[in-house]
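Undergrad: Need a 3D model of the sequence below.
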Amino acid sequence: MDKLKFEIVTAERLLYSDDVDIVIAPGVQGEMGILPSHAPLLTMLQPGELVVRKGSEETAMFVSGGFLEIMQNRVTVLADTAERAEEIDIARAEVAKGRAEARLRDHVPEMDLARAEVALKRSLVRLKVAERRRKPKSGLGGAQGL
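TA: Numbering: from 1, shown residues only. Have a look, this model is predicted:
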């Protein structure tokens, strides 16, 4: 079966690089699934969860935006920022969420309301990605201590 060569890069590092079966990304016009032999495409990403599957293995990442390019079974993401689900600092994300909520609640006329809303959305998505991916798979949680 054909594979996609997938890479996700930020200004700081190469976050992930491998041959995968499918990429599910948060495009600006909605979530999109990319399979081998996909037509060439260049699109912007919105903050959200990006998932890659390779066989039965699934890797989730948070992206805060950027660009996605598809060309000849190669998917490249140039992300503003990105983190694997297991790298997300939940306590830090909770603090960012609280700060964004306070800015929206107590906003003053000089404050950029749209920027505060984006910050809140970004922190909510980071928390969602981190919490969903850290929950034990059903059926495995209770039997480990016996």
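
Undergrad: CA only for contacts and neighbour counts going forward, please
TA: Fine.

Undergrad: Residue ranges in this structure under the pLDDT threshold?
TA: By pLDDT under 70, the weakly predicted segments of the chain are 107-111, 133-146.

Undergrad: Could you chop it up by domain?
TA: If the domains of the chain are taken from automatic domain parsing, they occupy 4-85, 89-134, with pieces of a single domain joined by a plus sign.

Undergrad: For the last one, what is the distance to the chain centroid?
TA: Spelled out, that is domain 89-134. Chain-centre distance of domain 89-134: 15 Å, with C-alpha atoms, centre = their mean, to the nearest Å.

Undergrad: hmm, back to that, and the domains of the chain, which is most packed in?
TA: Each of the domains of the chain was given a mean neighbour count from mean count of other C-alpha atoms under 10 Å, and the largest, a mean of 18, is that of domain 4-85.

Undergrad: contacting residues for the residue nearest the centre of the chain?
TA: The residue lying closest to the centre of the chain (C-alpha atoms, centre = their mean) is residue 62, at 2.4 Å. For residue 62, the set of contacting residues under the criterion of C-alpha atoms under 8 Å, 6 or more residues apart in numbering consists of 47-50, 82-85, 125-126, 129.
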